[in-house]
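J.: sequence plus predicted model, see below.
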Amino acid sequence: MKSKVLIFILFVVLFSVEMTAQQKKDIDRSCSEKLIETLTVLTGTSLYQIYLNINMMNENFESMESYEIYDNNLFILEKQLTNIIDLLNTFNKSKYLTKEDYEYIFKLKEISFLLQEDIRLFRGFIENGDDDSFKEFFVNHTKVHKQLKEIVEIELGPRDK
């Protein structure tokens, strides 16, 4: 008799501990949401770092003698942006994204494309070295700064004041 009661108690405990399909789905959703949040924060930070790299190259550019070094660095930044855009495109397949998530990811993509343009314009400036090329670059670079300031919650430097 005791063994039947013990088996019954064990049976009830085991089956009460097992998760329901809804609980598993909720855990999956929670993990996906945390993963998406983490990836978008890291992506925003990476975009900011790319912006800073371009900014530092601009502030330190002196002559065409260093063109090859700058060009190589810009090539690396372009590759990073391509990888970021590919990552952001994978989010389109997520079933757990909210409307706000899609809007934020769209902004990250928009900034990525602006940074690609920033690189193109900066490369044009260091190749040509003229004022018109610099003005084009500066206008775009300022636009990137403004967009980053809106989505990345970090102090972006002297232009913020």
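T.: Nice, thanks for sending it over. Numbering: from 1, shown residues only.

J.: helix or strand for the closest residue to Asp71 other than its chain neighbours, which one?
T.: Sequence neighbours aside, Arg123 is the residue nearest to Asp71 in space, at 6.8 Å (criterion: Cβ to Cβ, 6 or more residues apart in numbering). (Glycine included, C-beta is placed from N, CA and C.) Using DSSP states H and E, Arg123 falls within helix 99-128.

J.: can you give me the buried ones in whichever helix or strand comes after that helix?
T.: On the C-terminal side of helix 99-128, the nearest following helix or strand under DSSP H and E is helix 131-151. For helix 131-151, a neighbour-count test (16 or more other Cβ atoms under 10 Å) marks 133-134, 136-138, 140-141, 144-145, 147-149 as buried.

J.: look up how far Phe91 lies from the residue nearest the centre of the chain.
T.: With distances taken as Cα atoms, centre = their mean, Thr43 lies nearest the centre of the chain, 1.7 Å away. According to Cβ to Cβ, to the nearest Å, Thr43 stands 10 Å off from Phe91.

J.: looking at this structure, which helix is longest?
T.: Using DSSP state H to define each element, the chain has its longest helix at helix 21-60.

J.: and that one, what's buried?
T.: 36, 39-40, 43-44, 46-48, 50-51, 53-55, 57-58.

J.: so which elements touch that helix?
T.: helix 67-90, helix 99-128, helix 131-151 (3 or more Cβ pairs under 8 Å, 6 or more residues apart in numbering; DSSP states H and E).

J.: now it and helix 131-151, what's the angle there?
T.: Relative orientation of helix 21-60 and helix 131-151, computed by axes from the mean of the first three to the mean of the last three Cα atoms, to 10 degrees: 150 degrees.

J.: what angle separates helix 21-60 from helix 67-90?
T.: 160 degrees.

J.: and helix 21-60 with helix 99-128, angle?
T.: Using the same axes, to 10 degrees: helix 21-60 against helix 99-128 is 20 degrees.

J.: so which of the helices and strands packed on helix 21-60 is the most packed in?
T.: helix 99-128 (a mean of 18; mean count of other Cβ atoms under 10 Å).

J.: thanks a lot, catch you later.
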